[in-house]
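A.B. asks: predicted coordinates and the sequence they were generated for:
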Amino acid sequence: MRASLCSVLIVGLFLVAGCTSTGLSMRESPGDFSTIALSLHDVAAAAIADTQPSTPMKPASFPVRLAVVQLGEIAPPEDMLAALRKHGETFTDVQAVPSAFTQYNNVYARQSPSFTTEQAMNDRKALVRQQVESMRVFARDGGADYLLLFGGTVDHATTSTPLSVLDLTIIGMFVVPSKQILAEGRAGATLIDVRTGRSVLTFNAQSKGDRLAPTATRDNAELKLVRDLRDDLTRDLAKQLAERIHHLSDPPRVAPRGPACPARAGHARPAPPAARPRGSPGRTRSPGRAGARAARRSRRPPRSPRARGCGRAPRSP
């Protein structure tokens with residue numbers, strides 16, 4: 001009984017140990033991007049923005065200068081920057097900006113034990129806003145018009161297939177694909193106007209993948225799958241940005257003031273004339289078909305009588 005229970009526990013621990021969750025970058029913690037994106041719209045940020053002179057939003061004039069930041073990295077992938085630089089009619093310059101984000105867990109661990117949970121949360125939010133502001137100022141001083149900030153999460157797990165029984169042999173461990181690797185990634189990006197610090201565009205991407213591998217090469221196959229997944233996500237984000245950024249060239253829509261429908265206000269339909277009551281002097285009843293025929297006969301001139309055969313040529317004898 002004890003032996004079977006221990007076997008079940010070992011198998012369960014082995015399956016659980018195969019599950020891992022990381023950021024889009026190895027140096028990014030899951031949830032970092034959500035924290036930064038929401039810090040741009042929280043109550044404290046709105047209060048600070050209200051005390052500063054507001055800069056009106058104006059349509060973007062293309063091409064624009066773009067700065068790109070990936071959370072946790074010194075620079076975003078070069079393939080992503082190259083994909084954006086191909087759109088010369090949209091981006092006149094694409095430059096990399098280092099990420100200045102510090103993980104929340106490390107900040108919370110250094111807090112004093114006397115701090116309350118609310119104080120710790122406020123301090124961390126203030127730190128996030130400060131770091132976002134430093135990246136925005138860095139991009140603005142470099143001449144950029146917009147700052148693209150992106151991050152995400154990647155979940156991957158390794159499960160056993162029925163062929164795992166062959167792992168008891170050396171050949172099976174190195175040859176038989178007895179492990180199935182599953183991975184799923186989600187990435188999010190926000191485009192920030194460096195003049196105002198406002199988030200003007202937000203979009204996301206998702207990708208999935210799986211592959212089989214022998215037990216001996218499972219770690220190598222898992223790294224390749226996660227790397228391919230990250231490359232797909234960054235390419236998808238670059239493609240979406242090149243397509244959707246042109247919406248910023250449209251002028252901002254402002255609700256019209258005054259009447260709800262000004263176009264119809266000056267072109268009101270005239271009221272229909274009032275119907276006359278029956279039997280009134282101006283109303284005449286239309287004659288029927290028989291009355292119309294009688295009226296036409298009365299207008300015809302009368303025919304003159306003529307003799308029989310009058311007007312006909314005489315017959316030859």
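C.D. replies: Looks like it came in fine.

A.B. asks: quick check on Thr90: phi, psi?
C.D. replies: Here is the backbone geometry of Thr90 (degrees, to the nearest 10): phi -100, psi -40.

A.B. asks: for Ile192, give its distance to Val68.
C.D. replies: According to Cβ to Cβ, to the nearest Å, Ile192 and Val68 sit 11 Å apart. No exception for glycine: its C-beta is placed from N, CA and C like everyone else's.

A.B. asks: can you list residues touching both of these two?
C.D. replies: Applying Cβ atoms under 8 Å, 6 or more residues apart in numbering, one finds that Ile192 and Val68 are jointly contacted by 147-148.

A.B. asks: my read is Gln119 is in a helix, agree?
C.D. replies: Yes: under DSSP: H, G, I helix; E, B strand; the rest coil, Gln119 falls within a helix.

A.B. asks: got a pLDDT number for it?
C.D. replies: Note for Gln119: predicted pLDDT of 73.

A.B. asks: which stretches of the stretch 151-300 of the chain form helices?
C.D. replies: Per DSSP state H, counting those that start in this stretch, the stretch 151-300 of the chain carries helices over the ranges 170-175, 218-244, 262-265, 289-299.

A.B. asks: buried deepest among those, which one?
C.D. replies: helix 218-244 (a mean of 18; mean count of other Cβ atoms under 10 Å).

A.B. asks: which other helices and strands contact it?
C.D. replies: Where contact means 3 or more Cβ pairs under 8 Å, 6 or more residues apart in numbering; DSSP states H and E, helix 218-244 is packed against helix 78-85, strand 146-160, strand 179-193, strand 199-213.

A.B. asks: next, format those as a markdown table and append mean neighbour count and distance to Cys19.
C.D. replies: Listed next are the helices and strands packed on helix 218-244 as a markdown table, based on neighbours: other Cβ atoms under 10 Å; distance: least, Cβ to Cβ, whole Å:
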| stretch | mean neighbour count | distance to Cys19 |
| --- | --- | --- |
| helix 78-85 | 16 | 28 |
| strand 146-160 | 22 | 4 |
| strand 179-193 | 21 | 10 |
| strand 199-213 | 16 | 14 |
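
A.B. asks: want to throw the ones you listed into TSV with distance to Thr22 and mean pLDDT?
C.D. replies: Below are the helices and strands packed on helix 218-244 laid out as TSV (distance: least, Cβ to Cβ, whole Å; pLDDT from 0 to 100):
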stretch	distance to Thr22	mean pLDDT
helix 78-85	19	93
strand 146-160	5	93
strand 179-193	9	94
strand 199-213	15	93
